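**Q** Any chance you could fold what I've pasted below:
(one chain, ligands or ions: 1)
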Amino acid sequence: MTLLEGRALAAGIRERAAAEAAAGPAPVLAAVTATDDPATAWYLGSIAKAAAATGIELREERCADAAGVLERLDALSADPGVHGIICLTPLPDGLSLSLAGERIAPAKDIDGASPASLGRLAAGLEAYAPATAQAVIELIRISGTNLEGAHAVVVGRSTVVGKPLAMLLLAEQATVTICHTRTRDLAGETRRADVLVAAAGRAHLIGAEHVAPGALVIDVGTNEASDGSMVGDVDTAAVEPIAAAVTPVPGGVGPVTTAILLRNAVAAARG
Ligand code: NAP
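**A** Here you go, the predicted model:
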């Protein structure tokens, strides 16, 4: 079994983005938040560090409530000095990421939060897909797995990960199955996968009985273990002897996601 690490891939993406950012115009990325959640603060901190190293200016836009978030997104969308906009969760009660995403101008929607971006993806038109979904595709690519005609099974149907990822996999010519909490026989479905992507947000949901010999397993999940450490949706120790490769948590999808966000910010600045 191979661990399919994301850090080297992420470093390469950031390096290329830094070279493009240096060629100008200098990218400006706005991150809108409305929470004290420590996980969000940690994520924002990691974006800020990577953005600084890539030559991207990150503006943190802290809002007090739902109305403030919407107002700020409208203002940032209209501001010619801002190239990319991301909106971090959790958002205030009553404001979903899709509702907030509707207020992000599509050309600045570098994390694919807008329903318009999702619709364009579904229609096969150019759009930013959520960075996490793009990160999964990049990891599959470096694993050497040919997606054409392969059976990809995605566990999770959220608007930010599962659904856009399914569309990207379809565009890569895979046959796609999406599983969720009402799926009758999860292990039966996932065992048919050449490529299994776990994006459920349930620690160690995927065990040995869910994986076919030789499958590629991509673990999107980030869950807090009882000791405070971060664990994925995949029980890596159980799956290791069966799978061809598994992405680690941390160090798999996460760093690639951040690198792709920055790559998209540079692309948005270049127009
Ligand atoms: P979400 O909105 O909570 O969606 C979870 C999805 O998983 C839902 O569709 C849910 O089904 C399904 N699910 C939950 N438990 C299941 C089970 N026991 N069996 C089958 N399906 C199940 O979560 P999300 O925002 O998509 O995020 C998923 C995970 O990825 C989280 O751990 C999150 O922290 C992580 N994440 C990581 C990154 C990264 O860059 N590494 C980025 C984004 C998210 P229903 O629809 O039926 O409820």
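
**Q** the helices in the stretch 151-271 of the chain, which residues?
**A** With DSSP state H, counting those that start in this stretch as the criterion, the stretch 151-271 of the chain has helices at 162-171, 186-190, 236-239, 253-270.

**Q** Contact residues of the chain facing the ligand?
**A** Neighbours of the ligand within the chain, by CB under 6 Å from any ligand atom: 132, 155-158, 160-162, 179-183, 186, 199-202, 205, 220-223, 253-254, 257. (Glycine included, C-beta is placed from N, CA and C.)

**Q** go with 8 Å
**A** 89, 130-132, 135, 155-162, 179-183, 186, 199-202, 205, 220-223, 232-233, 249, 252-254, 256-258 (CB under 8 Å from any ligand atom).

**Q** follow-up on the earlier one: out of the helices of the stretch 151-271 of the chain, which is the most enclosed?
**A** helix 253-270 (a mean of 24; mean count of other CB atoms under 10 Å).

**Q** Which elements pack onto that one?
**A** Contact here means 3 or more CB pairs under 8 Å, 6 or more residues apart in numbering; DSSP states H and E; on that basis helix 253-270 packs against helix 7-22, strand 28-33, helix 38-54, strand 84-87, helix 131-143.

**Q** Need the helices of the stretch 151-271 of the chain in a markdown table (columns: mean pLDDT).
**A** Shown next, in a markdown table, are those (pLDDT from 0 to 100):
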| stretch | mean pLDDT |
| --- | --- |
| helix 162-171 | 98 |
| helix 186-190 | 98 |
| helix 236-239 | 96 |
| helix 253-270 | 98 |
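
**Q** Run through this structure and note the low-pLDDT ranges.
**A** By pLDDT under 70, the weakly predicted segments of the chain are 1.

**Q** From Ala8, how far off is Met19?
**A** Actually, residue 19 is Ala. It isn't Met. For Ala19, the distance to Ala8 equals 17 Å [CB to CB, to the nearest Å].

**Q** returning to what we had before: could you flag which of the residues of the chain next to the ligand are buried?
**A** Burial by neighbour count, 16 or more other CB atoms under 10 Å: within the residues of the chain next to the ligand this picks out 89, 130-132, 135, 155-162, 179, 183, 186, 199-201, 205, 220-223, 232-233, 249, 252-254, 256-258.

**Q** got the end-to-end distance for stretch 168-188?
**A** 23 Å (CA to CA, to the nearest Å).

**Q** Around Gly6, how many other residues sit close by?
**A** Neighbours of Gly6 under the rule other CB atoms under 10 Å: 27.

**Q** correct me, but it touches Val253?
**A** Yes - counting by CB atoms under 8 Å, Gly6 does reach Val253; the two are 6.1 Å apart.

**Q** Find residues that contact each of those two.
**A** 135, 139, 247 (CB atoms under 8 Å, 6 or more residues apart in numbering).

**Q** Report how many residues lie close to the nearest residue to Thr145 once chain neighbours are set aside.
**A** Nearest non-adjacent residue to Thr145, counting by CB to CB, 6 or more residues apart in numbering: Leu216, 5.1 Å away. By other CB under 10 Å, the residues close to Leu216 number 25.

**Q** Does Leu216 touch Val239 like I think?
**A** No - using CB under 8 Å as the test, Leu216 is too far from Val239 to be in contact (11.0 Å).
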